[in-house]
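**Q** Model the structure of this input:
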Amino acid sequence: MSALSSHLLEEIKALPAKYPQPRSAVMPALDLAQEELGHLTPEAMSEVAVALQLDPGYVEGVATFYTLFHLEPVGKHRFYVCTNLSCMLRGAEDVVDRLKAAIGVREPGEVSKDGLFSYEEVECLGACEYAPVVRLDHRYEVDLTRGKIDSLVNDRRLVRSHVKTGVRSSLDTTPEPPRKKPVRRTKKSG
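**A** Below is the predicted model:
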């Protein structure tokens, strides 16, 4: 049985054509695999290697080198908290403390009991002028305060509860199903 969906494997196989060197497709392929599974398993990395016709050791080497790839389960929403000098001078330590309390974890990498959240301290996100900064769900959140952290966490919890109840939220990016257009009947003249 395959760790990755057949649709995703086909998408990965098409990646090398987009790059001058086929090996350049490994990071986007691993990113797709991680997006589908939540983290990279040995089986998923092997499937990526086969799909890209690369050595499995090379694929695993890329996955283990870059911190953006996770080999263990992480929360659905992962906070990357900058703890570099600029962010620390502007309150990153307070942000980390508030974040840990808000999501209910004690240390980086720990997943919240509901499986929604985890966090990681990173060296730099390259946005020092907006410190303190986190990256969350592929977006930068800047000029953080305790209140902003609470809002970020609560908004994502609301999305989950709205999905369960069927009520949509502005953060819910799942497209609505298409609605059938009413058929307009006109009178035939004649």
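**Q** Regarding this protein, what is its longest helix?
**A** helix 146-165 (DSSP state H).
**Q** For that helix, name the packing helices and strands.
**A** helix 92-103 (3 or more CB pairs under 8 Å, 6 or more residues apart in numbering; DSSP states H and E). Bear in mind the C-beta positions are built from the backbone N, C-alpha and C, glycine included.
**Q** contact partners of the helix it packs on?
**A** 75, 79, 81-84, 87, 106-107, 112, 116-119, 121, 131-132, 134, 144, 146, 149-150, 153 (CB atoms under 8 Å, 6 or more residues apart in numbering).
**Q** For the following helix or strand past that helix, which strands pair with it and how are they oriented?
**A** Using DSSP states H and E, the next helix or strand after helix 92-103 towards the C-terminus is strand 117-122. In the sheet, strand 117-122 lines up against strand 77-82 (parallel) (DSSP bridges).
**Q** Could you identify the helix or strand that succeeds the partner strand?
**A** Counting by DSSP H and E, what follows strand 77-82 is helix 85-89.
**Q** List the buried residues in that next one.
**A** 86-88 (16 or more other CB atoms under 10 Å).
**Q** closest to E43 among those?
**A** C87 (36.7 Å; CB to CB).
**Q** Now for K113, how many residues are close by?
**A** Residues lying near K113 (other CB atoms under 10 Å) number 10.
**Q** swap that for V142, sorry
**A** Using other CB under 10 Å, V142 is surrounded by 14 other residues.
**Q** Against R135, how distant is it?
**A** Distance, V142 to R135, using CB to CB, to the nearest Å: 10 Å.
**Q** Would you show me how to pick out the buried ones of the contacts of helix 92-103 in PyMOL?
**A** Here is the PyMOL selection string for the buried members of those, based on 16+ other CB under 10 Å:
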select buried, resi 75+79+81+82+83+84+87+112+116+117+118+119+121+131+132+134+144+149+153
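**Q** tell me the contacts of T145?
**A** Applying CB under 8 Å, 6+ apart, we find T145 in contact with G91.
**Q** how close does it sit to L71?
**A** 33 Å.
**Q** do M27 as well
**A** From M27 to L71 the distance is 15 Å (CB to CB).
**Q** same deal with Q53?
**A** 23 Å.
**Q** tell me which element V50 falls in.
**A** helix 42-52.
**Q** re the thing from before, now the longest helix of the chain, how far from the chain's geometric center?
**A** Taking CA atoms, centre = their mean, to the nearest Å, one finds the center of helix 146-165 at 16 Å from the center of the full chain.
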